[in-house]
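>>> Mind looking at a prediction? Sequence and model below.
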Amino acid sequence: MSSRPSCHFLIVAAGHGARFGSELPKEYHEVAPGLSVLALCLKRLKTWADFGSALVVAHPDYADMLAPLGCEWVAGGASRQASVRL
């Protein structure tokens with residue numbers, strides 16, 4: 001019997017929200033009671049049967065907002081391309 005492979009996710013959330021028109025990037029805005037866009041995304045991913053892990057690429061200025069999420073994260077680059085470069 002073969003086991004199904006786990007899926008691993010890279011969530012790119014390293015922007016400043018300039019186009020969103022807010023002081024706070026959109027990934028940190030609340031979209032459900034007590035849940036930001038990023039928190040809801042992580043919550044939903046973790047319920048998936050094939051979930052293996054998630055790594056959030058975030059701007060270091062918002063590290064304090066990532067701590068309560070209990071997620072693994074790394075600092076993003078100067079651009080989206082730099083943030084996801086292998």
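Looks like it came in fine.
>>> what stretches of this protein score poorly on pLDDT?
1-2, 86 (pLDDT under 70).
>>> Let me see the ranges of the helices in it.
Assigned by DSSP state H, the chain shows helices spanning 37-46, 63-66, 80-84.
>>> can you put those helices in TSV and add distance to residue 13?
C-beta: built from backbone N, CA, C; applies to glycine. Below are these laid out as TSV (distance: least, Cβ to Cβ, whole Å):
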stretch	distance to residue 13
helix 37-46	6
helix 63-66	9
helix 80-84	9
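>>> now, of those, which is deepest in the fold?
helix 37-46 (a mean of 16; mean count of other Cβ atoms under 10 Å).
>>> quick one: it to chain centroid distance?
8 Å (Cα atoms, centre = their mean, to the nearest Å).
>>> ok, and what's touching that helix?
9, 11, 13, 26-29, 31-32, 35, 51, 54, 56, 66, 69, 71 (Cβ atoms under 8 Å, 6 or more residues apart in numbering).
>>> which ones among these are found in strands?
Counting by DSSP state E, these place 9, 11, 13, 31, 32, 35, 51, 54, 56 in strands.
>>> Drop anything exposed from the residues you listed.
11, 13, 54, 56 (16 or more other Cβ atoms under 10 Å).
>>> Skip the chain neighbours and tell me the closest residue to the last one.
The reference is to residue 56. Once flanking residues are discounted, residue 56 sits nearest to residue 73: 4.2 Å by Cβ to Cβ, 6 or more residues apart in numbering.
>>> That neighbour and residue 67: what is the separation?
Using Cβ to Cβ, to the nearest Å, residue 73 is found at 9 Å from residue 67.
>>> Which of those two has more residues huddled nearby?
residue 73 (21 against 10; other Cβ atoms under 10 Å).
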